[in-house]
Structure formats: C-alpha cells, structure tokens
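[1] Got a sequence here, can you model it:
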Amino acid sequence: MTPALASIFTDLWNEQLVSNNRQGLFMVLVGFVGSFGFIRMSARIMRSPRISWWPGSVISDSGVHLHHLVWGIVTMMAAGTLAITVWDSPWWEISCLAFGIGIGLTIDEFALWVHLDDVYWSTEGRSSIDATVVAAAAMGLVLLGADPFAGVSFDGGAEEVIATIAVLVLWLLSVGICFAKKRMLHGVVGFFIVPIAIYGACRIGKPNSTWARRFYGERRPRKQIKAQERFPPGRRTERFKEGFRDAVGGTPTEVYEAKLAARSSEHQATTDAAAQVRARAESVTGAETADAERRETSSSPR
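    Presented below is the predicted three-dimensional model:
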C-alpha cells in the first residue's frame with residue numbers, strides 16, 4: 001500500500017467512521033459484500049463444466065447437504081457473542097467483520113428461508129439477489145448518515161407519545177405494503193423518508209406480488225388488469241433487472257442448460273465442419289500424390 005493510499009484510508013477511518021461511530025457498520029458491510037460475492041462466485045464456478053478442480057458443496061457421509069447458510073448462521077452466532085463480550089479495538093471490529101461475513105453467507109440463500117426448498121438456481125431463487133441489494137442499500141444509506149429514527153422522540157405528554165406511535169405505525173405499515181407490492185425501491189428509500197413510503201404504498205402493486213395475489217385477481221380483476229398493463233413482462237426496467245440478476249447471480253437452470261446445449265451444438269457443428277474440411281484436404285492431397293506417382297512411373301525408363 002502506497003503512503004498516499006494509506007493516508008486516504010487512515011483519514012477515512014478516523015475522520016469519517018470512528019468520529020461518527022460507524023466503523024462497526026463499515027466492517028459489517030465490507031464482510032457482507034465480500035462474503036456474498038465470494039460464495040456466489042464459488043457457486044457459479046462449481047456449476048460450470050469448464051472448471052472441475054474447484055471444491056464442491058459440503059455433503060455428509062449420510063448424504064445431507066450442508067448449505068452455506070448454516071455456516072453463515074454459526075458465524076453470526078459466534079461473532080454476535082464475541083461482539084457482546086469484547087468492546088476493545090480491534091476485537092470489536094473483527095467481530096463486526098465476521099458478523100458481516102455471516103450475513104453474506106446467509107442472505108445468499110434467502111430464497112431457501114422463504115420456500116424451504118433448494119431453489120438456488122431456479123427463478124424463485126433470484127429473490128436472494130433482490131434481498132441482497134435491499135440489505136446492502138439499507139446499510140449503505142445508514143453508513144452515509146441516514147437515520148430513520150432521528151426525529152422520533154417519546155418525550156412529552158401522552159398526546160405527543162400517542163401521535164408519535166401512530167406516525168411510526170403508519171410509516172412501518174407503508175414500508176411493509178411497498179415490499180408486499182414488490183415496490184422495493186420505494187420500500188428501501190421510504191424506510192428513511194416517510195413520504196416515499198406512503199407514496200409507494202398508495203401506488204398499484206406488481207401483478208405477481210404478494211399484494212396482488214391477495215387483493216387483486218378474481219377479487220378485483222380491474223386492478224389485476226391495471227397492474228399487468230402497468231408492469232408488462234418485457235418493459236425496459238425489468239430487462240435491466242433481469243440482466244443485473246444474471247450478471248450477479250447467474251442464470252436459472254433451464255436457461256443455463258439451454259445455453260450449454262446451444263454451445264455444445266455449435267462446438268459439435270464446428271468440429272464436424274473442421275473434420276469435413278480436413279477430409280477434403282486429405283482426399284485432394286492423396287489424389288495429387290497419386291497423380292504425381294503415376295507421372296513418375298510413366299516417365300521413368302523401362
């Protein structure tokens with residue numbers, strides 16, 4: 001590390017993080033992003049037929065597959081206990097880093113929490129990517145100084161306390177509705193800015209969201225039609241999201257296998273074409289050699 005880079009990191013650590021008591025959250029975020037990126041890369045390498053030497057999943061002698069969320073939960077338990085026990089630097093920062101690593105390993109299998117099934121490479125498993133983005137965005141906003149509870153106070157009379165509780169309930173309910181309608185951006189930003197949450201909660205939900213399945217459909221067909229018109233499958237933002245999910249988390253099994261089959265077919269076609277070209281070249285060479293031998297035989301004296 002060069003002196004200039006070391007100085008920049010030291011200033012960031014002391015002046016921006018330690019002075020604002022955010023070094024712990026910074027270490028959690030670093031561990032979280034790093035472990036998620038590593039485990040997702042590892043899973044994609046294991047799926048690739050091109051790399052056979054990469055270590056595979058942990059499977060017991062009885063055939064039980066130990067998902068990496070198990071290691072994540074154990075890591076969070078150990079790191080949380082260590083963080084409560086020791087408050088001195090650097091052990092507290094190390095425990096925060098380990099806690100973030102555990103979060104990354106666990107949230108990478110978020111879909112397994114929801115479906116209680118190994119849907120890692122299915123369409124349902126892509127919700128793990130969405131959950132990771134939401135969690136990373138929330139941590140990043142807090143790290144940058146956003147404080148959703150900055151103006152909340154329970155000091156004052158009973159009327160003020162009741163009003164504060166009512167606002168909190170409305171706010172958290174609006175955030176929950178945003179997530180139920182699959183309006184993730186409104187939900188994340190609305191957790192820090194109340195009007196955004198209320199706005200998102202009042203908007204139409206996506207047609208495949210939990211809210212739509214519960215309140216649209218046969219109960220309110222006009223709402224379902226409106227949601228489908230508002231969020232068509234091929235719209236630009238959805239294509240961007242799908243491309244981002246593919247780049248970060250890999251494609252679902254059916255798409256991946258179709259690509260492998262197409263790649264194998266192209267390779268086989270190329271091999272066959274090369275074999276045909278080689279066979280024609282050999283036949284031409286053989287014919288030329290035979291002609292040359294006949295000419296030599298005919299021209300030689302008897």
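
[2] At which residues are the strands of the stretch 51-200 of the chain located?
    Along the stretch 51-200 of the chain, the segments classed as strands by DSSP state E, counting those that start in this stretch run 58-59, 65-66.

[3] Next, format those strands as TSV and append distance to L116, mean neighbour count and mean pLDDT.
    Placement of C-beta: from N, CA and C, glycine included. TSV is the format used below for these (distance: least, Cβ to Cβ, whole Å; neighbours: other Cβ atoms under 10 Å; pLDDT from 0 to 100):
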stretch	distance to L116	mean neighbour count	mean pLDDT
strand 58-59	19	11	72
strand 65-66	14	10	78
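
[4] In TSV: those strands, plus distance to I103.
    Output for those, formatted as TSV (distance: least, Cβ to Cβ, whole Å):
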stretch	distance to I103
strand 58-59	19
strand 65-66	18
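
[5] Which among these is found nearest to V119?
    strand 65-66 (13.5 Å; Cβ to Cβ).

[6] mind listing what that closest one pairs with, with the direction of each?
    Sheet pairing for strand 65-66, assigned by DSSP bridges, gives strand 58-59 (antiparallel).

[7] and the strand it pairs with, how far from the chain's centre?
    Relative to its parent chain, strand 58-59 has a centroid offset of 23 Å by Cα atoms, centre = their mean, to the nearest Å.

[8] Show me what it is in contact with.
    65-66 (Cβ atoms under 8 Å, 6 or more residues apart in numbering).

[9] And for stretch 135-147?
    Stretch 135-147 has contacts (Cβ under 8 Å, 6+ apart) with 20, 22, 25-26, 28-29, 32-33, 103, 107, 188, 191-192.

[10] mind checking which of the strands of the stretch 51-200 of the chain is nearest F9?
    strand 58-59 (35.3 Å).

[11] buried residues in the helix or strand where R222 lies?
    When elements are assigned from DSSP states H and E, R222 belongs to helix 221-230. Under the neighbour-count criterion of 16 or more other Cβ atoms under 10 Å, helix 221-230 has 223-224, 227-228 buried.

[12] For G157, state which of these is nearest.
    Closest approach between the buried residues of helix 221-230 and G157, by Cβ to Cβ: K223, at 42.0 Å.

[13] who's in contact with the closest residue to that closest one other than its chain neighbours?
    Spatially, and ignoring its direct neighbours in sequence, K223 is nearest to Y216 (4.5 Å; Cβ to Cβ, 6 or more residues apart in numbering). Y216 sits next to 205, 207, 223-224, 227 when contact means Cβ under 8 Å, 6+ apart.

[14] Which single one of the buried residues of helix 221-230 is nearest to E242?
    In terms of Cβ to Cβ, no member of those lies closer to E242 than Q228, at 17.7 Å.

[15] pLDDT at the spatially most central residue of the chain, what is it?
    Geometric centre of the chain, nearest residue: I129, 2.8 Å, by Cα atoms, centre = their mean. pLDDT, I129: 92.
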